[in-house]
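Peer 1: Predicted model and sequence below, questions to follow.
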Protein chains: 2
Amino acid sequence: MEKTITDILHENELKATTIRIQVLSTLMESPSAMSHQAISNALADESLDKVTLYRTLSIFTEKGILHKIPTEDRNWLYALSPEVEKKAHAHFVCDGCEKVFCFPVAGAEEIVTLPKPGFQITSQELLLHGYCPTCHE
Amino acid sequence: MEKTITDILHENELKATTIRIQVLSTLMESPSAMSHQAISNALADESLDKVTLYRTLSIFTEKGILHKIPTEDRNWLYALSPEVEKKAHAHFVCDGCEKVFCFPVAGAEEIVTLPKPGFQITSQELLLHGYCPTCHE
DNA sequence: ATTATGATGCAACTAAGTTGCACATGAGAT
DNA sequence: ATCTCATGTGCAACTTAGTTGCATCATAAT
């Protein structure tokens, strides 16, 4: 049986309100990570207070339902957290449309780096730049 | 012969003003990347206008002398650009002191990922979390 | 249906970063 | 060394993102 959005919210001790369901389903349908503003626009017709959206996004992030990605232009993008653990996680930034896609990287454990002595690495994330399928030159 | 800060500025068609020299030498002496605020504090005794510092940092970034690193808490950190090309570049975030260290990664070319079909990768950056030498548990 | 707790919406606020413009300074020409 | 002009700097005012406090409203358990 499919897990519903309401189930996800309840698992995280959050009430299943209209706004939360709308925000989550918007992000589920989006192929790329979205900013506060983008989500706000997507839900423009429903009267949505900006404060409520900020609070919704930050509680989702605290609970680990979403994670946020800081961008070059000092914004945050939000995307669903992959079910898998965070270690194997990559963000792909398209240099054409500037969208950020977020997908797990198989084999992230094999990423080999040469840390300076004394530095302990606990997790790693890969940031990729390039062109997405609709933008490639 | 050693390349002076003044030389670096002139190479980039920038006048060697007191402020620029102070900002650059502050960053050169810092082991970790610094925020606008941190630099501002470091130069607190010299009367330094915030706007001038913003402009200084952004022109250095444009010229490629510095690069900026967006952080989780919606700030920018600035660090000297490594002389080498950007592809082999890692940012290490200490989960103890929250400082960001920035160093080249030998063998970055060997980072293997599994991009989804249609995605073209042009550059990659590695973000590491862990503990720096003075903070390790 | 009732109710307590958690969620929402509004207004006012904070703080980061930007813009325009007048004044000051570095660096080449004299 | 001084002059000159393009480039940098500093101030004030502004913009925009994000936060806080509080009163009101809705979900979910009884």
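Peer 2: Perfect, I can see it now.
Peer 1: which stretches of chain A form helices?
Peer 2: A:5-11, A:18-29, A:36-42, A:50-63 (DSSP state H).
Peer 1: Distance to residue B:103 added to these, as CSV?
Peer 2: The way it works is simple: take the backbone N, C-alpha and C, and place the C-beta from them, glycine included. As requested, these are arranged in CSV below (distance: least, CB to CB, whole Å):
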stretch, distance to residue B:103
helix A:5-11, 39
helix A:18-29, 34
helix A:36-42, 33
helix A:50-63, 29
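Peer 1: okay, those helices in CSV with mean pLDDT next?
Peer 2: Formatted as CSV, the helices of chain A follow (pLDDT from 0 to 100):
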stretch, mean pLDDT
helix A:5-11, 95
helix A:18-29, 96
helix A:36-42, 95
helix A:50-63, 97
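Peer 1: Run through the residues that contact the residue nearest to the spatial centre of chain A.
Peer 2: Per CA atoms, centre = their mean, the C-alpha nearest to the average position across chain A is that of residue A:79, at 1.7 Å. Each residue near residue A:79 by CB atoms under 8 Å, 6 or more residues apart in numbering or on different chains is listed here: A:27, A:32-34, A:66-67, A:69, A:100, A:102.
Peer 1: now those: which count as buried?
Peer 2: Buried members of those, scored by 16 or more other CB atoms under 10 Å in any protein chain shown, are A:27, A:32-34, A:66-67, A:69, A:100, A:102.
Peer 1: list the buried ones in stretch A:41-49?
Peer 2: Per 16+ other CB under 10 Å, stretch A:41-49 contains these buried residues: A:42, A:48.
Peer 1: And DNA strand D, is that stretch touching that?
Peer 2: No: judged by CB under 7 Å from any atom of the strand, stretch A:41-49 makes no contact with DNA strand D; its nearest approach is 8.8 Å.
Peer 1: Could you export that stretch as CSV, CA atoms only?
Peer 2: Only the C-alpha atoms of stretch A:41-49 are listed here, as CSV (Å, rounded to 0.1, in the frame of the first residue of the first chain):
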residue,chain,number,x,y,z
ASN,A,41,4.4,31.2,-7.1
ALA,A,42,3.3,27.6,-7.7
LEU,A,43,0.7,28.0,-5.0
ALA,A,44,-0.2,31.5,-6.0
ASP,A,45,-3.9,31.0,-6.3
GLU,A,46,-4.3,29.6,-2.9
SER,A,47,-3.8,32.5,-0.5
LEU,A,48,-0.6,31.6,1.2
ASP,A,49,1.2,33.7,3.8
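Peer 1: how far is it from where the chain is centred?
Peer 2: Relative to its parent chain, stretch A:41-49 has a centroid offset of 20 Å by CA atoms, centre = their mean, to the nearest Å.
Peer 1: Can you tell me what sits against that stretch?
Peer 2: A:18-19, A:22-23, A:26, A:34, A:40.
Peer 1: So in that sheet, which strands flank whichever strand in chain A runs longest, and in what orientation?
Peer 2: Assignment by DSSP state E gives strand A:120-131 as the longest strand of chain A. Using DSSP bridges, the strands paired with strand A:120-131 are strand A:89-94 (parallel), strand B:120-131 (antiparallel).
Peer 1: ranking these by burial, who's on top?
Peer 2: Most buried of the strands paired with strand A:120-131, by mean neighbour count (mean count of other CB atoms under 10 Å in any protein chain shown): strand A:89-94, with a mean of 22.
Peer 1: what about that one, distance to the chain center?
Peer 2: In terms of CA atoms, centre = their mean, the centre of strand A:89-94 is set 10 Å apart from its chain centre.
Peer 1: For that strand, C-alpha coordinates in CSV please.
Peer 2: Taking Å, rounded to 0.1, in the frame of the first residue of the first chain, the C-alpha atoms of strand A:89-94 are listed here in CSV:
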residue,chain,number,x,y,z
HIS,A,89,24.0,12.6,-2.3
ALA,A,90,24.7,14.9,-5.3
HIS,A,91,23.4,18.2,-6.4
PHE,A,92,23.5,19.0,-10.1
VAL,A,93,23.3,22.6,-11.1
CYS,A,94,22.3,23.3,-14.7
